[in-house]
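**Q** Quick check, what structure comes out for this input:
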Amino acid sequence: MISQACDRSDIHKIQDLINSLDISEQLDIHGFLRKIDLEFITTNIDSLEINDGVKEHIVYTILSRTNWSDDLLGEIIKIYQSYGFIAMESLVITAIKQDIITSPQLSLILLIFSGSKAIKKELSKKNLFKE
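**A** The predicted structure is shown next:
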């Protein structure tokens, strides 16, 4: 039903259907939706009045399936600054561990995620940050 509501771009129906589920089912919904549904919900996340944890799970799922790029980092930063989702830090840490961040990205990461001990720790392991 949620997929059908996404196909119709019916934000209110998506919201109602998600909110009608038990919270544990809401938190697992990202595993049952199609990629296109996750993308639609992520694009319209500001319009949905659903649990923030559910939003975070959905956003993390779609972004974690996206290849690392400047655009992805920009989206991660935008969401991190808007919502403070800790899962966005996890995406950055994964990129650090995979050695796929560029020097300009590193500068941006250090600026935006300056308060993240986890990111600093991972950067230190890679000799990219010294306290």
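**Q** Got the domain ranges for the protein?
**A** Domain assignment of the chain by automatic domain parsing yields the ranges 1-50, 66-131.
**Q** Dump those domains to CSV, plus mean pLDDT.
**A** Below are the domains of the chain laid out as CSV (pLDDT from 0 to 100):
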stretch, mean pLDDT
domain 1-50, 95
domain 66-131, 94
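**Q** In CSV: these, plus distance to Ile58 and mean neighbour count.
**A** For every residue, glycine as well, the C-beta is placed using N, CA and C. As requested, the domains of the chain are arranged in CSV below (distance: least, CB to CB, whole Å; neighbours: other CB atoms under 10 Å):
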stretch, distance to Ile58, mean neighbour count
domain 1-50, 5, 15
domain 66-131, 10, 15
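**Q** how about those, which one is nearest Glu56?
**A** domain 66-131 (4.5 Å; CB to CB).
**Q** just to revisit the earlier point, could you dump the domains of the chain into a markdown table and include distance to Glu56?
**A** Below are those laid out as a markdown table (distance: least, CB to CB, whole Å):
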| stretch | distance to Glu56 |
| --- | --- |
| domain 1-50 | 9 |
| domain 66-131 | 4 |
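**Q** I'd like to know which of those domains lies nearest to Tyr60.
**A** domain 66-131 (4.0 Å).
**Q** With adjacent residues omitted, what lies nearest to the most centrally placed residue in the chain?
**A** The residue lying closest to the centre of the chain (CA atoms, centre = their mean) is Tyr60, at 3.3 Å. Once flanking residues are discounted, Tyr60 sits nearest to Ala87: 4.0 Å by CB to CB, 6 or more residues apart in numbering.
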